[in-house]
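>>> return atomic coordinates for the entry below.
(chains A, B and C)
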Amino acid sequence: MAAIAKVIVDVPTMQTDQPYDYLIPADLAAVVKPGMRVVVNFGKGKREVTGMVVDLAEEPEFAGEVKPIVSVIDLAPVLTPEMLALSSWLATSTFAFRITSIQTMLPAMMKANMEKLAIPVAHSEAVQAMFGQQPALNIADITDIVQLKQLMALEQAGEVETVYRVAKKGHAKHVIVIDSLVTEANHDEFLASVRKGATKQIALLDALLAFSNSQKRPTTTEVAAEFSRAQLNQAKAKGWLKLTEQEVYRNPYPEQFPATQPKTLTADQSQVVDQVVAAVSANRAETFLLEGVTGSGKTEVYLQTMAAALQAGKTALMLVPEIALTPQMVNRVKGRFGSQVAVLHSGLSDGEKYDEWRRIARHEVQVVVGARSAAFAPLDNIGVIIMDEEHETSYKQEDNPRYHARDVLAWRSRFHHAPLVLGSATPALESRARAQKGVYTLLNLPNRINQRPMPKVAIVDMRAIGAELQGDFSPALLQALQTRLDRHEQSVLLLNRRGFSSFVMCRDCGFVKKCPNCDISLTLHMDTHRLKCHYCGHEEAIPTTCPNCGSRQIRYYGTGTQKVETTLKTLLPEARILRMDVDTTKKKGAHAKLLKQFGQHEADILLGTQMIAKGLDFPDVTLVGVINADTALGLPDFRASEHTFQLLTQVSGRAGRADKPGEVIIQSFNPEHYAIQFAQHHDYEGFYQQEMFLRHQGDYPPYYYTVKATISHEDENEAAKAAFSLAKSLKSALGDDTIMLGPTPGSIARLKNRYYYQIVLKYKQPDHLVTVLNTLRDQVQTSSRQGFQISFDREPQSFI
DNA sequence: GATACGTTGAGG
DNA sequence: CTCAACGTATCT
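Residues are numbered from 1 along each chain as shown, chains lettered A, B, ... in the order given. Sure thing, here's the model as predicted:
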């Protein structure tokens, strides 16, 4: 029997990011297993922390005193061996702490809260006055400063002790079910025992009789409006009913879903399904890139491959971007697989997430659909993994651990020997390039279902309009909107909010000032009134006239949805407008509600930001307008063209999904830009070729991997010095094939009184770099003074 | 992250 | 000399 447990403690710092040896007490010997959370003493004081058992051993590795485990939190492991291994890989590959990785795999509700308690040890008068009958005081609850000071004095005097304890949170939800014992036979007998005029009791008896007759077992909460708990308890004492406590799952989707039948596949679709299913049957961890135009029936392909995995007695995991996880989407999956489905996304409450998580862990479901974090769904025996809209940037987590869901899924695909399907109409360049190299198997769905044509895309040159421009609307777009209003058809208007007001553009010629060294747009800094390059640190004054055409119309560019809505209301007073942006969708369920309203034709125009580009399918939408296609193009981001192309293609696919032909109007200051040109012709492959050429020229991904190192300190000089010394060490440790940019000050150079500097590395050999960065990080931490924070972000989404 | 324990420096 | 204030090594 193992005597030692290797425990990762919940203290997320660099120095404690390693397993600690703890003695397993004899009475817990048979209980403690890897994957269980435990409570241990850590450090010198009486401090309890939670930890995760990651391994067992016969003998301690640590030479010093080994403390015993205080208690176990779980009765069964909450992490499978797979998840423990995954957490270890995640920590090293993202430079995150092991405990942080572990915590992202568990539902938020399982994160234990610590409470700091004051416990009396003497019985003095002062202690009596402070505590009264209470055995302990929770220090966090004490708001009175005077009381707090008294308590501190008592601790000094040794009359009070402070202790850290792990506070267990409420976990499973329980309901109390009412079993009626009232029958036709005994109803009158019970009635006779009740005092005359006791209307409530008589009503309760009648209700109970009704429950018996209809075989209903209501819960106490369901009848709370009519009968209080006190009344029910009394009735229980009289033998009218039985109360039983029952654990329930919170059901976030209580409605019944209309069952959907598998659709007949087109020849293209069957070919794709056959290839993936072959990999499922062969237990082959093959990665497929499914490139399918909007409307080509990718979802049906997903559903049928998942069905095949289930048929083989396996499970299926499907990731969808948060904003695409609409009720429409969920209905479709639940309709096909019914109660075998668990749904995980950020819209659920912590309790709901916990319950869905447990249903998965207990093997009660075979299919999981969810957003990014669902990549860690505790599914066993996975047969197929699907990632829809694989190019979506929301798959990358922007705080620690900075993982990309695609990498996590690839890991799990290898672990389970199950195929991974990456699907998109506009794959990320990295993915498409891997398919080119044969790392991924490329699958194509080039045609729309029912041979529907792609919508016609018109581009309006905003530079040529001048005085006829009304707000942000060209005459052509206004005219098209008016036509839809007359025909009682609907329109979708996209306002590209990316890069709002962060750069300077000429209103006359569309010129955007670029960095002379990096060929990347300069970012506007309002604090210093200068333009800066976030790659190399180049800086210059804001021009007053356009360097290209001499116009004075060069200014900050940007527009908000609210402003557009106001102009639109004056231009088209009879139009009913629905605005969808971060402001109007903040509340839970607001997103779904707005879409439903629009689906029921309660508005003529849906105006919104990127979020309207996905997951909506309305037959009456025949016009899609893009108010400003260019905003993202001005961003200091080498992926700007890619994102613009993806967004325009995506939103174009929203027009004319039914029998009515669709029209797309794109307003642009750069109509000849290749991203806009290729989007106009729905030409992903053309865009891919062109963009790859430019990436090659600029030494950008996918030709190079990238990593962003950020170093910060309270003192600006220290931060700068550390950044430059880090740069120096990097230069000597890395080969000539690594390109280093910076150090430059962070875009928000000061944040929470800390100064940030960053270095961007472009490199070819990922394994070597990970090793170098990991050792360097440890060196910086130990050899130099404290006060530094250093973090690495692999394949960052933003370089500013 | 929290703690005990070291080193400093002002006040007596 | 005392004590608090600050810095820092350590946690199994």
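
>>> make it CA atoms for all contacts and neighbour counts henceforth
Fine.

>>> helices or strands next to the strand or helix carrying A:Q690 in the packing?
Under DSSP states H and E, the secondary-structure element containing A:Q690 is helix A:684-697. Contacting helix A:684-697 under the criterion 3 or more CA pairs under 8 Å, 6 or more residues apart in numbering; DSSP states H and E are the following elements: helix A:674-680.

>>> make it 10 Å
helix A:429-437, helix A:640-652, helix A:674-680 (3 or more CA pairs under 10 Å, 6 or more residues apart in numbering; DSSP states H and E).

>>> comparing the ones you listed, which gets the lowest mean pLDDT score?
Confidence, taken as mean pLDDT, is least for helix A:640-652 of those (a mean of 92).

>>> quick one: strands adjacent to the following helix or strand past that one?
Helices and strands here follow DSSP H and E; after helix A:640-652, the next one along the chain is strand A:663-668. The strands beside strand A:663-668 in its sheet (DSSP bridges) come out as strand A:456-461 (parallel), strand A:621-626 (parallel).

>>> thought A:Q18 was touching A:I8?
Yes - the pair A:Q18 and A:I8 qualifies as a contact (CA atoms under 10 Å) at a distance of 6.2 Å.

>>> where do the contact lists of the two overlap?
Both A:Q18 and A:I8 are in contact with A:97-99, where contact means CA atoms under 10 Å, 6 or more residues apart in numbering.

>>> tabulate these in a markdown table, adding columns for neighbour count.
Compiled in a markdown table, the shared contacts of A:Q18 and A:I8 are given as follows (neighbours: other CA atoms under 10 Å):
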| residue | neighbour count |
| --- | --- |
| A:F97 | 26 |
| A:R98 | 27 |
| A:I99 | 24 |
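
>>> and A:Q147, how close does it get to DNA strand C?
A:Q147 sits 19 Å away from DNA strand C, going by CA to the nearest atom of the strand, to the nearest Å.

>>> same check on A:A374?
Relative to DNA strand C, A:A374 is positioned 32 Å away (criterion: CA to the nearest atom of the strand).

>>> how close does the nearest residue to that residue once chain neighbours are set aside sit to DNA strand B?
Nearest non-adjacent residue to A:A374, counting by CA to CA, 6 or more residues apart in numbering: A:L344, 6.1 Å away. To DNA strand B, A:L344 is 28 Å away according to CA to the nearest atom of the strand.

>>> what's the answer for A:Y757, then?
A:Y757 sits 20 Å away from DNA strand B, going by CA to the nearest atom of the strand.

>>> isn't that residue right next to A:S712, touching?
Yes - A:Y757 sits in contact with A:S712 when judged by CA under 10 Å, with a separation of 6.2 Å.

>>> where does the stretch 51-200 of chain A dip in pLDDT?
A:114, A:140, A:142-146, A:148-149, A:152, A:156, A:162-173 (pLDDT under 70).

>>> so what's A:A629 up against?
For A:A629, the set of contacting residues under the criterion of CA under 10 Å, 6+ apart consists of A:459, A:494-497, A:644-645, A:647-648, A:666-671, A:675-676.

>>> cutoff 6 Å now
When contacts are counted by CA atoms under 6 Å, 6 or more residues apart in numbering, A:A629 touches A:S668.

>>> on that earlier part again, which of the strands paired with strand A:663-668 sits closest to DNA strand C?
Distance to DNA strand C, taken as CA to the nearest atom of the strand, is lowest for strand A:621-626 among the strands paired with strand A:663-668, at 53.7 Å.

>>> outside of that closest one, which residues touch it?
The set of residues that contact strand A:621-626 without belonging to it, under CA under 6 Å, 6+ apart, is A:490-494, A:655-656, A:662-667.

>>> ok so, going back, what about A:Q18 and A:I8, which has more around it?
A:I8 (25 against 15; other CA atoms under 10 Å).

>>> how about that one, secondary structure?
strand (DSSP: H, G, I helix; E, B strand; the rest coil).

>>> against DNA strand B, how distant is the residue nearest to it when sequence neighbours are not counted?
If the residues on either side of it in the chain are set aside, A:I8 comes closest to A:P19, at 4.7 Å by CA to CA, 6+ apart. Summarising the geometry, the distance separating A:P19 from DNA strand B, computed by CA to the nearest atom of the strand, is 14 Å.

>>> what do you get for A:T584?
In this view, A:T584 and DNA strand B are 34 Å apart by CA to the nearest atom of the strand.

>>> that residue belongs to a strand?
No - secondary structure assignment (three-state DSSP) places A:T584 in coil, not in a strand.
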